[in-house]
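Undergrad: My questions concern the predicted model and sequence given below.
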Amino acid sequence: MNTNLRGCLLALVTTFFWGTLPIALKAVTEQLDPFTIVWMRFTVAALWVWLWPLPGKHRKEQRRWPGRQTLILFGLASLMLGANFVLYNSSAIYLSAPATQIVSQMGPLVLMLGGVLVLREPFRAVQGLGGLTLTVGLLLFFNERLHELLCFGEGYGLGLLLGLSGAFVWAVYGVTQKALMKVFSPKATLRVIYACVALGLTPLAQPWGILQLDGMQCCCLAYCCLNTIVAYGCFSRAMAIWHTAGVGAVLSLTPLFTLACAWLAHRFFPGSFPDAPLNLLGYAGALIVVLGAALLAVGPQVRGVLQRRREDH
């Protein structure tokens, strides 16, 4: 199979899994608290990365004892990733599945700002345009509930606050992970972080609550655990064999997958998955959010390619 086609298919699988995740979370959070859900997901993921060898890699990784600064970075990355998952899962309690996914699109924007301010990465006009477009799309998507968004103590306002907080800590995690991967391989980094998050959440988890789930909720919880492994695995592989701009363009479609799959889930299982109707402005806002996310992900790479071509000529 052509490498570009394989990369596109892997990115599409990632988009599908990330797009359907909030739908499954919405069903599970009705019965199980976010700490237990995240603990389950990271426990399964940690067992996977520690026990399942990566195909085609037979050489031993270089072993090195991390210094004090590296240990602090590992601790910060684990704390931020765990907090991101807990906040994202908590926002699903108050927001619809599409709304949860739309709010999470603010993560790349905050990560871009973090890269500019902390890592001194260059800031390009196309990124600013993408951020502005994303913000406008977010406001249009919530046009029917703008008055509720200012009430941060309940309902959609609280869900929005939790989602945006999750986007912020995810950005901190992203910047920290970039620093760690200058010293350790991605696999070694994830092994430590996944294990730390699982162990850190163990005192807060209530695994006996799983016994209270019905059949559909058990399937959704299992899917959430599988999602962590498959989505990130396909994403890493897609990034390895395909260009970043292509992967970013496909991943920017994630909110549209969520909208479509949420509609299908409600149509076939209305008792388990509630409806989340939108007006025309809401659908337009979702499309504008996708456009803004695409500009953030693809814009810098496309501009760089065009600039290199101009220099060559």
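TA: Alright, I've got the coordinates.

Undergrad: Low-confidence stretches in the stretch 101-250 of the chain?
TA: Along the stretch 101-250 of the chain, segments meeting pLDDT under 70 span 108, 111-112, 114-123, 152-154, 240, 244-245.

Undergrad: Let me see the ranges of the helices in the stretch 201-313 of the chain.
TA: 215-241, 244-251, 254-268, 280-312 (DSSP state H, counting those that start in this stretch).

Undergrad: repeat for the stretch 51-200 of the chain
TA: Taking DSSP H, counting those that start in this stretch as the criterion, the stretch 51-200 of the chain carries its helices at 68-94, 97-104, 106-117, 125-141, 146-149, 155-180, 186-201.

Undergrad: Would you mind finding the most buried of these?
TA: By mean neighbour count, with neighbours taken as mean count of other CB atoms under 10 Å, helix 97-104 ranks first of the helices of the stretch 51-200 of the chain at a mean of 27. C-beta here means a position set from N, CA and C on the backbone, and glycine is covered the same way.

Undergrad: now that helix and helix 68-94, what's the angle there?
TA: 150 degrees (axes from the mean of the first three to the mean of the last three CA atoms, to 10 degrees).

Undergrad: and the angle for helix 97-104 with helix 254-268?
TA: Taking the same axes, to 10 degrees, one finds that helix 97-104 is oriented at 170 degrees with respect to helix 254-268.

Undergrad: related to what we said a few turns ago, JSON lines please, covering the helices of the stretch 201-313 of the chain and showing distance to Ala92 and mean neighbour count.
TA: Shown next, in JSON lines, are these (distance: least, CB to CB, whole Å; neighbours: other CB atoms under 10 Å):
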{"stretch": "helix 215-241", "distance to Ala92": "10", "mean neighbour count": "18"}
{"stretch": "helix 244-251", "distance to Ala92": "20", "mean neighbour count": "20"}
{"stretch": "helix 254-268", "distance to Ala92": "11", "mean neighbour count": "19"}
{"stretch": "helix 280-312", "distance to Ala92": "17", "mean neighbour count": "17"}
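
Undergrad: Quick one: mean pLDDT for stretch 73-87?
TA: Averaging pLDDT along stretch 73-87 yields 91.

Undergrad: CA atoms of it as PDB?
TA: The C-alpha trace of stretch 73-87 is given here as PDB (Å, rounded to 0.1, in the frame of the first residue of the first chain):
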ATOM      1  CA  LEU A  73       9.700  17.200  33.900                       C
ATOM      2  CA  PHE A  74       8.300  13.600  34.200                       C
ATOM      3  CA  GLY A  75       6.400  14.500  37.300                       C
ATOM      4  CA  LEU A  76       4.900  17.700  35.600                       C
ATOM      5  CA  ALA A  77       4.100  15.800  32.400                       C
ATOM      6  CA  SER A  78       2.300  13.100  34.300                       C
ATOM      7  CA  LEU A  79       0.400  15.600  36.500                       C
ATOM      8  CA  MET A  80      -0.700  17.600  33.500                       C
ATOM      9  CA  LEU A  81      -1.700  14.600  31.300                       C
ATOM     10  CA  GLY A  82      -3.700  13.100  34.200                       C
ATOM     11  CA  ALA A  83      -5.400  16.500  34.900                       C
ATOM     12  CA  ASN A  84      -6.200  16.900  31.300                       C
ATOM     13  CA  PHE A  85      -8.000  13.500  31.100                       C
ATOM     14  CA  VAL A  86      -9.900  14.200  34.400                       C
ATOM     15  CA  LEU A  87     -11.000  17.600  33.300                       C
END
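
Undergrad: what distance separates that stretch from the centre of its chain?
TA: Put simply, stretch 73-87 sits 13 Å off its chain's centre (CA atoms, centre = their mean, to the nearest Å).

Undergrad: residue contacts, Leu134?
TA: Residues near Leu134 by CB atoms under 8 Å, 6 or more residues apart in numbering: 105-106, 109, 288-289, 292-293, 296.

Undergrad: tell me the contacts of Arg48?
TA: Check again: residue 48 is Trp, not Arg. Contacts for Trp48 (CB under 8 Å, 6+ apart) come out as Ile229.

Undergrad: Mind putting the contacts of Leu134 into CSV with distance to Met181?
TA: Formatted as CSV, the contacts of Leu134 follow (distance: CB to CB, whole Å):
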residue, distance to Met181
Gln105, 24
Met106, 23
Leu109, 22
Ile288, 33
Val289, 29
Gly292, 27
Ala293, 23
Leu296, 21
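
Undergrad: All good on my end, thank you.
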